[in-house]
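Student: quick one, what's the 3D model for this:
(chains A, B, C and D)
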Number of protein chains: 2
Amino acid sequence: MPTPARTSLGEIVVAGRAIVETDGLEGLTMQKVAAAVGVRSPSLYKHVASRGLLVKLIVEDVVRDLGRTLDAVFTGDDPNNDMLTLARAFRDFAHRQPETYRLVFAPVPDEWRPAPEVLASASGAVLKTAAALAGPERALEAARLITAWAHGFLTMELAGAFRLGGDIDEAFTYGVKRLTDAVTRS
Amino acid sequence: MPTPARTSLGEIVVAGRAIVETDGLEGLTMQKVAAAVGVRSPSLYKHVASRGLLVKLIVEDVVRDLGRTLDAVFTGDDPNNDMLTLARAFRDFAHRQPETYRLVFAPVPDEWRPAPEVLASASGAVLKTAAALAGPERALEAARLITAWAHGFLTMELAGAFRLGGDIDEAFTYGVKRLTDAVTRS
DNA sequence: ACCTGAACACCGTTCAAGT
DNA sequence: ACCTGAACACCGTTCAAGT
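Tutor: I've put the predicted structure just below:
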């Protein structure tokens, strides 16, 4: 007689993501996840093959969320302003959930990397804005330049590397403007 | 009767760093470190208080190494060329030891963060070059802009985020030049 | 078809006992 | 003063047994 499922993969991913946000990646244990969804840890393996795969699914969930967040603030009207708005939304997103944000670019084995199409789903607005600034042929390199800078800035900020002096908000805005100018075709 | 020490903190840090480089941070176990220095894992606690503290000491070792590497290529003659040379040395360093490099900006609890003076010891050459390009008052923000970009670029590269198309070496060189121009006082 | 307790091979860390 | 085996409280994962 089949037992009805007491949880689901979706529920497990949501619970796991909340645990990572609260306790960090190393705080994500199968037992905590199981307790959060109301089963014992061995039962999780009926829904997800391993902790590593669960982490991958959590990261893909975060990336999709980031994509929706960026798409929501993109206007397509003024590329200079869009880039600043996108960068600030990016930073807000990372500040709101630093533990899951940093997983997006964490080096993991290939099998646990977010799928390329999921990553692509988060880069549309930045690419369109970069194309408007730098021209279609240079859109990719411009988008990468700004994304790399923003991610590096956030990583260092979250790691406490900017501890010594200076207004961090101002430094961020300064950076976006400098980089927007730098990639704009003249 | 005192037993002579069979290992030392220095030896433990060197062994631990090698293990992180080979097996990643999650592969760093006290048992592996103990085996590498020829004792049993409980004995390590006579030399280092915890695995977390060992990680901190490993990171500080890596940062000092990075500082020496950058100082070695810095000339002080031509700031444009120095910045390119420093950026490439930075990238080479990260490529040679990706697992330990990424620990440098990993968000960890305060007590396990590398000491500020150790971090400062690695930033001298970049700061001097940034000052030559941007002027003394803007040196800090210029150095941070380029460091954040370089770190973000490397993180994304090591995470496999640049998988789709383009020559990565060329993209890196392009980035350095664009940023050098962007921070140069006119 | 999913859930469970028991078990296995690990972890980091503590501690009493050795030298 | 340092080293050790044994122990404790955890991990992820497997598996036979329940429903």
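Student: OK, contacts around A:A87?
Tutor: Contacts here follow CB atoms under 8 Å, 6 or more residues apart in numbering or on different chains; on that basis A:A87 touches A:I146, A:A150, A:F172, A:V176. Quick note: C-beta positions are derived from backbone N, CA and C, even for glycine.
Student: hmm, try it at 6 Å
Tutor: The neighbourhood of A:A87, defined by CB atoms under 6 Å, 6 or more residues apart in numbering or on different chains, consists of A:A150, A:V176.
Student: quick one: it from A:T147, how far?
Tutor: A:A87 is 9 Å from A:T147, where distance means CB to CB, to the nearest Å.
Student: next: A:V126.
Tutor: A:V126 sits at a distance of 6 Å from A:T147 (criterion: CB to CB).
Student: same thing with A:K46?
Tutor: Taking CB to CB as the measure, A:K46 falls 38 Å from A:T147.
Student: next one: A:T7
Tutor: Counting by CB to CB, the separation of A:T7 from A:T147 is 36 Å.
Student: who's more crowded, these two?
Tutor: The neighbour count for A:T7 versus A:T147, taken as other CB atoms under 10 Å in any protein chain shown, is higher for A:T147 (24 against 18).
Student: so which helix or strand takes in that one?
Tutor: Secondary-structure assignment from DSSP states H and E places A:T147 in helix A:139-158.
Student: per-residue confidence averaged over that helix?
Tutor: Averaging the model's pLDDT scores along helix A:139-158 yields 96.
Student: cool, and stretch A:170-183?
Tutor: Taken as a whole, stretch A:170-183 has a mean pLDDT of 94.
Student: just the buried positions in it, please.
Tutor: Within stretch A:170-183, the residues scored as buried using 16 or more other CB atoms under 10 Å in any protein chain shown are A:A171, A:F172, A:Y174, A:G175, A:V176, A:R178, A:L179, A:T180, A:A182, A:V183.
Student: filter those residues by proximity to chain B?
Tutor: The overlap between those and the neighbourhood of chain B (criterion: CB under 6 Å from any CB of the partner chain) consists of A:G175, A:R178, A:A182.
Student: for DNA strand C, see how far away the residue lying closest to the second one once chain neighbours are set aside is.
Tutor: Closest residue to A:R178 apart from its sequence neighbours, by CB to CB, 6 or more residues apart in numbering or on different chains: B:A182 at 5.1 Å. With distances defined as CB to the nearest atom of the strand, to the nearest Å, the gap from B:A182 to DNA strand C amounts to 44 Å.
Student: same question, A:A35
Tutor: A:A35 sits at a distance of 10 Å from DNA strand C (criterion: CB to the nearest atom of the strand).
Student: near that residue, how many other residues are there?
Tutor: If you count neighbours by other CB under 10 Å, A:A35 ends up with 14.
Student: before we move on, what about A:V63?
Tutor: Here the count is done by other CB under 10 Å, and A:V63 has 22 residues near it.
Student: next helix or strand past the helix or strand containing it?
Tutor: Per DSSP H and E, A:V63 falls inside helix A:51-73. On the C-terminal side of helix A:51-73, the closest following helix or strand by DSSP H and E is helix A:79-96.
Student: can I get that next one as CSV, trimmed to CA atoms?
Tutor: What follows is the C-alpha trace of helix A:79-96 in CSV, where atoms were taken according to Å, rounded to 0.1, in the frame of the first residue of the first chain:
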residue,chain,number,x,y,z
PRO,A,79,20.7,53.0,-20.1
ASN,A,80,22.9,55.1,-17.7
ASN,A,81,20.1,55.1,-15.2
ASP,A,82,19.2,51.5,-15.8
MET,A,83,22.8,50.4,-15.1
LEU,A,84,22.8,52.3,-11.8
THR,A,85,19.4,50.9,-10.8
LEU,A,86,20.4,47.3,-11.8
ALA,A,87,23.6,47.5,-9.8
ARG,A,88,21.8,48.8,-6.7
ALA,A,89,19.2,46.1,-7.0
PHE,A,90,22.0,43.5,-7.4
ARG,A,91,23.7,44.8,-4.3
ASP,A,92,20.4,45.0,-2.3
PHE,A,93,19.7,41.4,-3.3
ALA,A,94,23.1,40.3,-2.0
HIS,A,95,22.8,42.2,1.2
ARG,A,96,19.4,40.7,1.9
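Student: between helix A:139-158 and it, find me the angle.
Tutor: Compare the direction of helix A:79-96 with that of helix A:139-158 by axes from the mean of the first three to the mean of the last three CA atoms, to 10 degrees and you get 40 degrees.
Student: rounded mean pLDDT for the following helix or strand past helix A:79-96, please.
Tutor: Beyond helix A:79-96 in the direction of the C-terminus, DSSP H and E gives the next helix or strand as helix A:98-101. The predicted model assigns helix A:98-101 a mean pLDDT of 97.
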